[in-house]
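Trainee: Need a 3D model of the following:
(4 chains)
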2 protein chains.
Amino acid sequence: MARNTIQSGVLDSIGLSIVEQRYPPGHVFRSEDWETEFDVSRTVLREALKVLESMRLISMRRKVGITVLPETQWNVFDPRVIRWRLLSADRQRQIHSLTELRLAVEPVAARNAASRAASVDRVALLYHATQLENAGVEADLERLHHNDVAFHRLLLAASGNELFLALSELVAEVLPVTGHLVHDTIPEQQTAPPRHLHTIAAQAIVDGDATAAEQAMRELLVEVQEQMDLAYQRRSDS
Amino acid sequence: MARNTIQSGVLDSIGLSIVEQRYPPGHVFRSEDWETEFDVSRTVLREALKVLESMRLISMRRKVGITVLPETQWNVFDPRVIRWRLLSADRQRQIHSLTELRLAVEPVAARNAASRAASVDRVALLYHATQLENAGVEADLERLHHNDVAFHRLLLAASGNELFLALSELVAEVLPVTGHLVHDTIPEQQTAPPRHLHTIAAQAIVDGDATAAEQAMRELLVEVQEQMDLAYQRRSDS
DNA sequence: CGTTTCCAAAAGTATTACATATACTTTTTG
DNA sequence: CAAAAAGTATATGTAATACTTTTGGAAACG
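Mentor: Presented below is the predicted three-dimensional model:
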């Protein structure tokens, strides 16, 4: 995805530094400052700044300069902002927020999928779920995450709501992070229940049982939420 | 919000034309085409295109040109994309999707607000709710919408989740549209119940009753959803 | 028929000059 | 002396242009 252009490098660098709170909100730059720091032309810099402006990380005004905007203004649904935040200090808060959002949306997505999804999608969902459940302890994480992402993306797509589908990108950003976190800190047998819930949800969708699907996804996400909290708790203990 | 710059005009024009499906996905432009059409410099055009690229409406590649991306790629959470879609032909679908998302999120937001919100926010919520409920038939729409937007924004803010808060911008975009639609097509007395539900939800949040708050907001959004469907049904009848 | 080479096309980058809006200062004015 | 008007400096906004780099596709080649 990341195009091999210097503009994207500058964008990434500035974006991350802002999200990392290296500059207080309200802090003002002149574009010249960045030009010299990165040794790029005004053209390249301005194109990067325009993107950051469209993400509401900064505001550009004549005779004033580039102002760093407060966090409340940010387009926190932009996948790049998500990624930057997952790299920054408030990673934990970001994961918590994202999981809370998933807890709100995915059960409803499951409900809708159970009543609207195409048969082929229902079957595919069940396939990914069983793949997840049957994966043993020695299964490589790579493959596990792939199925996990595929399951949740398909679920959101099958909901028939393009806004839900768009959220799958955010889920895809956060899933590997939560996956590794859980894997590194939680004993294996404790992760079995959520995996099983994938299958229950998928089966409910295949059966067209909207309520059961919603319930299973809700339990699954509650489980994820608890595992996240537990993982961070153990971390701070060590 | 719209800055008084040519670049923003070009951005708006191209963005809207893409969202309106005036060009099929996969259609390829050269930046020169747009330059002549809008009679602007390459600088201005490219800055607009960069923003559109960051919204995933287009993709710019060397030796290829500017490709219009399919709808599934779009950053549908960007407020500008929302606005363009509300202006375009699939306005109805967009409203339905947004309401469905609200139906997923706002009840959870209410639940969280009931257990986390600051006292001052709880009181303010109740204030806006009673203002809404007490507004008579002759109350000007302007003022009604202002209170409505304020209520929902505050609710999402009080949830303590910055992703929920960010959604308030989308709600603010869609609320006036649904508001006018309902007002123009539904008899006044039928809009009373949802208004009352605002107060019930707010009161539950003041009382710290998470379950009641969630339930009230869910009923409210279901009501909104039904009114939307009804409004469009009546429209197509005429 | 597949592979490599090469070219042209389109975006990517850089430089420079000028336009324009606007925060700030100075002057005028009542 | 304060408030309004005028003026000025400054940083972004816009334009024009030249050059660089990547890369799809045609042409040459084995």
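Trainee: quick one: furthest residue from the center of chain A?
Mentor: Most distant from the centre of chain A: residue A:63, at 37.3 Å, with distances by Cα atoms, centre = their mean.
Trainee: In three-state terms, how would that one be classified?
Mentor: Following DSSP: H, G, I helix; E, B strand; the rest coil, the label given to residue A:63 is coil.
Trainee: Which residue is the nearest non-sequential neighbour of the residue most central in space within chain A?
Mentor: The centroid of chain A falls nearest to residue A:170 when counting by Cα atoms, centre = their mean (2.9 Å). Of all residues not flanking residue A:170 in the chain, residue A:82 sits nearest, at 5.5 Å (Cβ to Cβ, 6 or more residues apart in numbering or on different chains). Bear in mind the C-beta positions are built from the backbone N, C-alpha and C, glycine included.
Trainee: Which positions within the host helix or strand of that neighbour qualify as buried?
Mentor: Counting by DSSP states H and E, the element that carries residue A:82 is helix A:79-87. Judged by neighbour count (16 or more other Cβ atoms under 10 Å in any protein chain shown), helix A:79-87 contains these buried residues: A:79-86.
Trainee: which outside residues touch it?
Mentor: Contacting residues not belonging to helix A:79-87 are listed as A:12, A:15-16, A:19-20, A:55, A:57, A:74-76, A:91, A:94-95, A:98, A:169-170, A:173-174, A:177 [Cβ atoms under 8 Å, 6 or more residues apart in numbering or on different chains].
Trainee: do the same with stretch A:198-206
Mentor: Contacts of stretch A:198-206 (Cβ under 8 Å, 6+ apart): A:110, A:113-114, A:117, A:122-123, A:125-126, A:128-130, A:132-133, A:151, A:155, A:158, A:210, A:212-213, A:215-217, A:220.
Trainee: Just the C-alpha atoms of it, please, in CSV.
Mentor: The C-alpha trace of stretch A:198-206 is given here as CSV (Å, rounded to 0.1, in the frame of the first residue of the first chain):
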residue,chain,number,x,y,z
HIS,A,198,-16.3,-17.9,16.0
THR,A,199,-17.8,-21.2,14.9
ILE,A,200,-20.9,-20.7,16.9
ALA,A,201,-21.5,-17.3,15.4
ALA,A,202,-20.8,-18.6,11.9
GLN,A,203,-23.1,-21.6,12.4
ALA,A,204,-25.9,-19.2,13.6
ILE,A,205,-25.4,-17.1,10.4
VAL,A,206,-25.6,-20.2,8.3
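Trainee: for that stretch, what is the average pLDDT?
Mentor: For stretch A:198-206, the mean pLDDT works out to 97.
Trainee: What of stretch A:28-42?
Mentor: 96.
Trainee: close to chain B, is that stretch?
Mentor: No: judged by Cβ under 8 Å from any Cβ of the partner chain, stretch A:28-42 makes no contact with chain B; its nearest approach is 9.4 Å.
Trainee: list the buried ones in that stretch?
Mentor: Result for stretch A:28-42 [16+ other Cβ under 10 Å]: buried residues A:29, A:34-35, A:38, A:40.
Trainee: Let's have those residues in a markdown table, adding secondary structure.
Mentor: Shown next, in a markdown table, are the buried residues of stretch A:28-42 (three-state DSSP):
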| residue | secondary structure |
| --- | --- |
| A:29 | strand |
| A:34 | helix |
| A:35 | helix |
| A:38 | helix |
| A:40 | coil |
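Trainee: near DNA strand C, from the residues you listed?
Mentor: Restricting the buried residues of stretch A:28-42 to those touching DNA strand C (Cβ under 7 Å from any atom of the strand) yields residue A:40.
Trainee: out of the buried residues of stretch A:28-42, who's nearest DNA strand C?
Mentor: residue A:40 (4.0 Å; Cβ to the nearest atom of the strand).
Trainee: Might you report the residue contacts of that closest one?
Mentor: Applying Cβ under 8 Å, 6+ apart, we find residue A:40 in contact with A:6, A:10.
Trainee: How much space separates residue A:80 from DNA strand D?
Mentor: 20 Å (Cβ to the nearest atom of the strand, to the nearest Å).
Trainee: Could you do residue A:227 as well?
Mentor: In this view, residue A:227 and DNA strand D are 41 Å apart by Cβ to the nearest atom of the strand.
Trainee: Give me the contact status of the strand or helix carrying residue A:60 with DNA strand D.
Mentor: Using DSSP H and E, residue A:60 sits in strand A:58-61. Yes: contact of strand A:58-61 with DNA strand D (Cβ under 7 Å from any atom of the strand) involves A:60-61.
Trainee: Got the domain ranges for chain A?
Mentor: As recorded under automatic domain parsing, the domains making up chain A are A:3-73, A:90-237.
Trainee: and among the ones you listed, the most buried is which?
Mentor: Looking across the domains of chain A with neighbours counted as mean count of other Cβ atoms under 10 Å in any protein chain shown, the highest average goes to domain A:90-237: a mean of 19.
Trainee: so how far is that one off the chain centroid?
Mentor: Chain-centre distance of domain A:90-237: 12 Å, with Cα atoms, centre = their mean, to the nearest Å.
Trainee: Kindly report the same for stretch A:226-238.
Mentor: That offset, for stretch A:226-238, works out to 19 Å (Cα atoms, centre = their mean).
Trainee: so for that stretch, what's the average pLDDT?
Mentor: 79.
Trainee: Is it in proximity to chain B?
Mentor: No: using Cβ under 8 Å from any Cβ, we find that stretch A:226-238 stays clear of chain B, coming within 14.2 Å at best.
Trainee: Pull the contacting residues for the residue lying closest to residue A:77 once chain neighbours are set aside.
Mentor: Once flanking residues are discounted, residue A:77 sits nearest to residue B:77: 3.9 Å by Cβ to Cβ, 6+ apart. Counting by Cβ under 8 Å, 6+ apart, residue B:77 touches A:75, A:77-78, A:163, A:166, B:166, B:170.
Trainee: which strands and helices sit next to the strand or helix carrying residue A:67?
Mentor: Remark: residue A:67 resides in strand A:65-68, with elements defined by DSSP H and E. When contacts are defined as 3 or more Cβ pairs under 8 Å, 6 or more residues apart in numbering or on different chains; DSSP states H and E, strand A:65-68 sits against strand A:28-29, helix A:31-38, strand A:58-61.
Trainee: can I get the CA coordinates of the second one in CSV?
Mentor: Going back to what we said before, that points to helix A:31-38. Output in CSV follows, covering the C-alpha atoms of helix A:31-38 (Å, rounded to 0.1, in the frame of the first residue of the first chain):
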residue,chain,number,x,y,z
SER,A,31,6.3,25.2,6.2
GLU,A,32,9.9,26.3,5.7
ASP,A,33,10.9,24.6,9.0
TRP,A,34,9.9,21.2,7.6
GLU,A,35,11.4,21.9,4.2
THR,A,36,14.8,22.3,5.7
GLU,A,37,14.4,19.4,8.2
PHE,A,38,13.5,16.9,5.5
